[in-house]
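Take a look and give me a structure for this.
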Amino acid sequence: MPLHLYTWPTPNGQKVQILLEELGVSYELHPVDIYAGEQFSEAYLALNPNNKVPTLVDDEGLAGRPFTVFESGAILLYLTDKYDRFRGEGIEGRGEVLQWVMWQMGGLGPMVGQGQHFFTYATDRIPYAIERYRNESQRLLGVMERRLAGRDWLVGDYSVADIACFPWVRVHKMAGATLDDCPNLQRWYGAIRARPATQTGLKLLFDRQTDVQDNPRAQRTFFGAEQYRRRP
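Model prediction:
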């Protein structure tokens, strides 16, 4: 099987899983148990210098030789280019799709992720941090709400821009945000959630998920200094 996906059921892993299911291509799934710190192993570091999931290895590559891609946004764009699907129509359509993928990578994902940390996981309740990231998460959801007014998808037809954003909208409650005043976003979310490829992608490794709050080992891995002690 030429494609190998190293992943875990996180929003960044799930968006690549969903795209692969939408593409209908064969791939081999390699779980990287981030609760156990497997992302810090020497073997995984050789694939991903940032010790994060996901990572894609394409045995065929674009030039007939193996090629490794890290960073979820880069993986999404690599796959849309490789299979020429979900990438936007024409130069302007492609440019718009790229804008929204970059927006997710630079804004929606990091802000909701920080909101999730301080609102749900942090043992020290820091009101300033909770409010800052909750407010910014809510603002970004508002950006999507306005964008989706009068349109089905973020850019033209269903694209990688929608796939990139979906898993992060999915966890908005963990950042203290709400979709109560976002009818366009609710409709968009429901339409993506109902797609068979989305359902399959979300089910991958579902049985391996656990609540970090109930997993001391995961807490040490994510929030302690363990990862910094492992390497100089």
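
helix/strand/coil for residue 68?
strand (DSSP: H, G, I helix; E, B strand; the rest coil).

what bridges to the closest residue in space to it that isn't next to it in sequence?
Nearest-residue entry for residue 68: residue 57, 5.0 Å, with adjacent residues in sequence omitted and distances by Cβ to Cβ, 6 or more residues apart in numbering. Bear in mind the C-beta positions are built from the backbone N, C-alpha and C, glycine included. Judged by DSSP bridges, the bridge partners of residue 57 are residue 4, residue 68.

so where does residue 29 fall, helix or strand?
Element membership for residue 29, per DSSP states H and E: strand 28-31.

oh sorry, the question was meant for residue 143
Element membership for residue 143, per DSSP H and E: helix 127-147.

helices or strands next to that helix in the packing?
helix 109-116, helix 160-170, helix 183-193 (3 or more Cβ pairs under 8 Å, 6 or more residues apart in numbering; DSSP states H and E).

change it to 10 Å
Packing partners of helix 127-147 (3 or more Cβ pairs under 10 Å, 6 or more residues apart in numbering; DSSP states H and E): helix 90-103, helix 109-116, helix 160-170, helix 183-193.

Give me the distance between the longest one and the centre of its chain.
When distances are taken as Cα atoms, centre = their mean, to the nearest Å, helix 90-103 is centred 18 Å away from the chain's centroid.

about what we covered before: tell me the mean pLDDT for the strand holding residue 29?
The average pLDDT within strand 28-31 is 97.

Helix or strand, whichever it is, which one in this structure has the lowest mean pLDDT?
Between all helices and strands in the chain, the lowest mean by mean pLDDT, DSSP states H and E belongs to helix 226-230, at a mean of 41.

what's the burial count for residue 11?
Close neighbours of residue 11, defined as other Cβ atoms under 10 Å, add up to 21.

Hmm, I typed the wrong one, I wanted residue 111.
23.

give me every residue that touches it.
Neighbour list for residue 111: 132-141, 168, 175, 177 [criterion: Cβ atoms under 10 Å, 6 or more residues apart in numbering].

Can you name the two of those that sit furthest apart?
Taking every pair in the contacts of residue 111 and measuring Cβ to Cβ, the maximum separation is 17.3 Å, between 132 and 168.
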